[in-house]
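In: Here is a sequence with its predicted model. Questions after.
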Amino acid sequence: MATFQLDSIDQKILSSLVKDARLPFLEIARECGVSGAAIHQRFKRLEAKGVITGSRLQVKPQALGLNVCAFVSISLSESTKYPEVIANLKKIPEIVECHFVTGRYAILAKLYCLDNDHLMEVLLNTIQKIPFIQSTDTMISLDEPIERQVWVKEFKNTSYSGRD
């Protein structure tokens, strides 16, 4: 994999877009002191290298009636079955994030449900029935006081090993 440097202009582009993904390239260009075409070219390069993986609309789960946010820690009976378990977890629409983690459990999943009954249904009749899931431990989120995208700051010697 080739490594490339993220310079201060790349970092300013990322910082601006993290704050507002709809910000026009010309406005970013003015902040950076370069042309709109240069920002467009840099954006395309950042996309091609996998630094930017897309943009998306964010919908508040509560607006859809999804009032319960839970984190489910999952232990596996056989660690080599991780890919198979993940393939099954991907089929569950309530799961919005999944991480392979260190510690007592192998997987940490974040999910949204309508209510506690819905959560119990997903846990008992879906997640816990997946082969090779040994046990689960569930935590319900009571509040989300911090919700943000990754922060972008000017670092010296920032490099990224992405797609070629």
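Out: Everything's here; your move.
In: Find the centremost residue of the chain, please.
Out: residue 97 (6.6 Å; CA atoms, centre = their mean).
In: I'd like the distance between that one and residue 80.
Out: 23 Å (CB to CB, to the nearest Å). (Glycine included, C-beta is placed from N, CA and C.)
In: Got the domain ranges for the chain?
Out: 3-56, 61-141 (automatic domain parsing).
In: and these as a markdown table, adding distance to residue 150?
Out: Shown next, in a markdown table, are the domains of the chain (distance: least, CB to CB, whole Å):
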| stretch | distance to residue 150 |
| --- | --- |
| domain 3-56 | 7 |
| domain 61-141 | 14 |
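In: Now the weakest link among these, please, by mean pLDDT.
Out: Note on those: domain 3-56 shows the lowest mean pLDDT, a mean of 90.
In: and that one, how far from the chain's centre?
Out: 19 Å (CA atoms, centre = their mean, to the nearest Å).
In: where do the strands sit along this protein?
Out: Assigned by DSSP state E, the chain shows strands spanning 3-5, 68-76, 95-100, 107-113, 133-141, 159-161.
In: got these as a markdown table, with distance to residue 20 columns?
Out: Converted to a markdown table, the strands of the chain look like this (distance: least, CB to CB, whole Å):
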| stretch | distance to residue 20 |
| --- | --- |
| strand 3-5 | 25 |
| strand 68-76 | 25 |
| strand 95-100 | 22 |
| strand 107-113 | 25 |
| strand 133-141 | 26 |
| strand 159-161 | 22 |
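In: out of these, nearest to residue 42?
Out: strand 3-5 (11.5 Å; CB to CB).
In: Remind me what the closest one packs against, helices and strands.
Out: Contacts defined by 3 or more CB pairs under 8 Å, 6 or more residues apart in numbering; DSSP states H and E place strand 3-5 against strand 159-161.
In: one step back: quick one, which of the strands of the chain gets closest to residue 57.
Out: Here strand 95-100 is closest among the strands of the chain (CB to CB), at 14.0 Å.
In: And for residue 137, nearest residue in space, chain neighbours not counted?
Out: In space, and not counting its chain neighbours, residue 137 is closest to residue 73: 4.3 Å by CB to CB, 6 or more residues apart in numbering.
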